[in-house]
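Chemist: Show me how the following folds:
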Amino acid sequence: MEMISTIGPLLLMFVLFYFLLIRPQQKRQKAVLQMQTDLKKGDKIVTIGGLHGFVDAIDEGKVVIKCGDGSRLTYDRAAIREVTEASAGDMLAKS
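Modeler: The predicted model follows:
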């Protein structure tokens, strides 16, 4: 009985950490990975460095981003933080 009273709070703490910290982080990582794999040409995106632009070309691990001044920059796919606006082709397909 003493063993349960000493292990019980540790077990409870582990369960709380799992549901409050570990599980939400795993969900966020899956969502970001899904967003990065679903990138399409024409998507308006923001990189982790704060660069805003449009996806101009996509390779397996790289993305070419067209900036406002017309320059094209090559980034790793993992450097994309969010898609702020889906491409027009996606909008038509969803409606």
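Chemist: Residue ranges in this structure under the pLDDT threshold?
Modeler: Applying pLDDT under 70 to the chain flags residues 1, 89-95.
Chemist: how about the helices in it?
Modeler: Under the criterion DSSP state H, the chain contains helices at 2-17, 23-37, 88-94.
Chemist: For the protein, which residue occupies the most central location?
Modeler: Centroid-nearest residue in the chain: Val32, 1.8 Å away (criterion: C-alpha atoms, centre = their mean).
Chemist: May I have the beta-bridge partners of Val63?
Modeler: Counting by DSSP bridges, Val63 is bridged to Ile58, Tyr75.
Chemist: show me the contacts for it.
Modeler: Leu39, Ile45, Val55, Ala57, Thr74, Tyr75, Asp76, Arg77, Ala79, Ile80 (C-beta atoms under 8 Å, 6 or more residues apart in numbering). Placement of C-beta: from N, CA and C, glycine included.
Chemist: rerun at 7 Å
Modeler: Each residue near Val63 by C-beta atoms under 7 Å, 6 or more residues apart in numbering is listed here: Leu39, Val55, Tyr75, Arg77, Ile80.
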